[in-house]
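Visitor: below is the structure, and that's it, no one-letter string:
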């Protein structure tokens, strides 16, 4: 699985909206606010947010105080959903999905296919169990450690 800038920006945009979800005004943020806070190009972000709206992840509000907000709670949106919606399947090779791939004559005896299945399952386990609410908790903990001076790496 490779995450493109489009996927990265989609994840960052949803995270920014999750940070502001539940604030006054229903967590509505303008595209320029999301872009500024997430360090993303505004024009590209417009396209991504429209796609995320079509996918039911965000909703938009028109008008002076308009912008985008989460369509669902941060605890109900997983990283895996966003990645699959924007990037497509997360399998590292198409033969992992047996019912979707018929192009290889060696699928039954291929030594690598089981390896790619394991990689796919491990990746899915991480991204499908990680919600944006979980990411918010990680973010808050990381900020707390940085402010207290206990952030370190070995």
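Guide: That came in fine, so what should we check first? Source: prediction; values computed, not measured. Numbering: from 1, shown residues only.
Visitor: quick one, helices of this structure?
Guide: 5-20, 31-38, 42-54, 79-87, 113-128, 132-148 (DSSP state H).
Visitor: show me what the first one is packed up against.
Guide: It refers to helix 5-20. For helix 5-20, the packing partners by 3 or more CB pairs under 8 Å, 6 or more residues apart in numbering; DSSP states H and E come out as helix 31-38, helix 42-54, strand 58-61, strand 67-70, helix 79-87, helix 132-148. C-betas here are computed from N, CA, C, even on glycine.
Visitor: please apply the same query to the third one.
Guide: Taking 3+ CB pairs under 8 Å, 6+ apart as the contact definition, the neighbouring helices and strands of helix 42-54 are helix 5-20, helix 31-38, strand 58-61, helix 79-87.
Visitor: so which bits of it are buried?
Guide: 45, 48, 49, 52 (16 or more other CB atoms under 10 Å).
Visitor: point out where this structure drops to low pLDDT.
Guide: 22-25, 98-103, 149-154 (pLDDT under 70).
Visitor: make it 80
Guide: 1, 22-26, 94-109, 148-154 (pLDDT under 80).
Visitor: that older thread, pick the most deeply packed of the helices and strands packed on helix 42-54.
Guide: helix 5-20 (a mean of 21; mean count of other CB atoms under 10 Å).
Visitor: what angle do that one and helix 79-87 make?
Guide: Helix 5-20 runs at 140 degrees relative to helix 79-87, counting by axes from the mean of the first three to the mean of the last three CA atoms, to 10 degrees.
Visitor: now do helix 5-20: everything it contacts.
Guide: 3, 27-29, 33-34, 37-40, 44-45, 48-49, 51-52, 57-58, 68-70, 74, 77, 79, 82-83, 85-87, 132-133, 135-136, 139 (CB atoms under 8 Å, 6 or more residues apart in numbering).
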